[in-house]
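Enquirer: got a sequence here, can you build the structure:
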Amino acid sequence: MMMATFALPVSFVSTTSPGEINKIINSSPKGFPAELVTNSLAENSVDALSQYEKISVALFYNKKIGITHIAYTPSFFSEHDTVLLSPTLYQFIASKPAVYLSNLSLSLDDTLRLAHKSKCNPIFLDTSFRDSTGCDTAGYAKVVKMGSNYFTIQTNAIVPKILALTQSYHHHWKLWVDGKSQPVKRVNFSFIGASLTKGNHIVEFKFIPYNTIICCWVMLAGVMSIIIFFTISWYITKVKS
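Expert: Numbers count the residues shown, from 1 in each chain. As a prediction, this is how the structure comes out:
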């Protein structure tokens with residue numbers, strides 16, 4: 001991580017001047033405005049490639065949650081290919097906002113039924129889930145706060161539902177519903193979600209890479225040990241002289 005940071009200034013090559021790139025980046029919103037996730041992914045992605053030749057995919061900078069056919073990060077998984085290579089799946093996910101609720105699931109190999117069930121806002125799961133009331137589109141899910149590694153979502157539903165958030169699934173994502181920890185569900189092939197009972201809920205997703213945190217502390221301890229060692233060595237040498 002440290003060496004990559006040192007190498008970045010000399011490895012980033014572009015025909016566009018740094019001033020022009022900074023001007024584009026600085027025109028983006030500050031922080032992570034939650035209101036930017038209310039539109040569908042397709043609406044958020046209209047200008048995703050507008051500055052592609054200069055800064056690659058604009059979603060990195062404009063803080064919108066969108067979708068493109070371009071795999072622009074090595075963190076993409078094989079499950080993403082299932083979505084990107086299927087026009088039906090891609091269009092379905094692109095038509096939804098970043099977060100939505102559903103009480104109807106389809107199996108992972110049941111994409112052919114999607115056209116007949118799209119009005120029910122289905123969710124793809126590896127296990128079946130369907131409330132006895134059938135297709136229920138009432139209720140809402142609203143992102144009230146988000147940052148670089150967390151989402152806080154407010155939900156309301158009159159029947160049990162599954163929450164879908166279009167954020168790449170990773171085992172380091174942790175989930176709390178009304179302050180209580182529960183497992184993160186993999187939804188829509190490669191994204192994260194949560195099982196919710198009926199009623200009002202506050203859902204929190206947090207990305208906590210424990211192994212990376214431990215490595216950082218170990219690295220810091222190593223650097224401090226080296227500093228202490230050379231400081232003591234210098235002091236002993238000075239005293240003896």
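
Enquirer: what does the average pLDDT come to for stretch 191-198?
Expert: The pLDDT scores in stretch 191-198 average 93.

Enquirer: who does V99 form a beta bridge with?
Expert: Per DSSP bridges, the residues bridged to V99 are L165.

Enquirer: would you confirm that it contacts A164?
Expert: Yes - using C-beta atoms under 8 Å, V99 is in contact with A164, at 6.8 Å. Using the backbone N, CA and C atoms, a C-beta is placed for each residue, glycine as well.

Enquirer: neighbour count: these two, which is higher?
Expert: A164 (27 against 24; other C-beta atoms under 10 Å).

Enquirer: what's the spacing between that one and E43?
Expert: Using C-beta to C-beta, to the nearest Å, A164 is found at 17 Å from E43.

Enquirer: which residue ranges make up each domain of the chain?
Expert: Recorded structural domains for the chain (assignment: automatic domain parsing) are 66-208, 210-241.

Enquirer: in TSV: the ones you listed, plus distance to P33.
Expert: Shown next, in TSV, are the domains of the chain (distance: least, C-beta to C-beta, whole Å):
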stretch	distance to P33
domain 66-208	9
domain 210-241	27
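
Enquirer: can you get me a residue count around K96?
Expert: Neighbours of K96 (other C-beta under 10 Å): 19.

Enquirer: skip the chain neighbours and tell me the closest residue to it.
Expert: Once flanking residues are discounted, K96 sits nearest to S40: 6.1 Å by C-beta to C-beta, 6 or more residues apart in numbering.

Enquirer: would you confirm that the one you found contacts F92?
Expert: No - contact criterion C-beta under 8 Å: S40 and F92 do not qualify, at 10.7 Å.

Enquirer: of these two, which one has the most company?
Expert: Neighbours around S40 and F92, counted as other C-beta under 10 Å, are more numerous at F92. The numbers are 20 against 16.

Enquirer: now do the SS call for that one.
Expert: State at F92, reduced to three classes by DSSP: H, G, I helix; E, B strand; the rest coil: helix.

Enquirer: then T82?
Expert: T82 ends up helix, using three-state DSSP.

Enquirer: how close does it sit to V99?
Expert: Applying C-beta to C-beta to T82 and V99 gives a distance of 21 Å.

Enquirer: what does I236 give?
Expert: The gap separating I236 from V99 is 60 Å, by C-beta to C-beta.

Enquirer: same deal with T88?
Expert: Following C-beta to C-beta, the distance that separates T88 from V99 is 21 Å.

Enquirer: can you check V57 too?
Expert: Applying C-beta to C-beta, the value for V57 to V99 is 21 Å.

Enquirer: got the end-to-end distance for stretch 18-37?
Expert: 29 Å (C-alpha to C-alpha, to the nearest Å).

Enquirer: since we're on F205, how many residues are nearby?
Expert: F205: 22 neighbours (other C-beta under 10 Å).

Enquirer: that one: what secondary structure?
Expert: strand.

Enquirer: so what's the residue lying closest to it once chain neighbours are set aside up against?
Expert: Of all residues not flanking F205 in the chain, F151 sits nearest, at 4.5 Å (C-beta to C-beta, 6+ apart). Residues in contact with F151 (C-beta atoms under 8 Å, 6 or more residues apart in numbering) are 99, 143, 145, 165, 167, 203-205.
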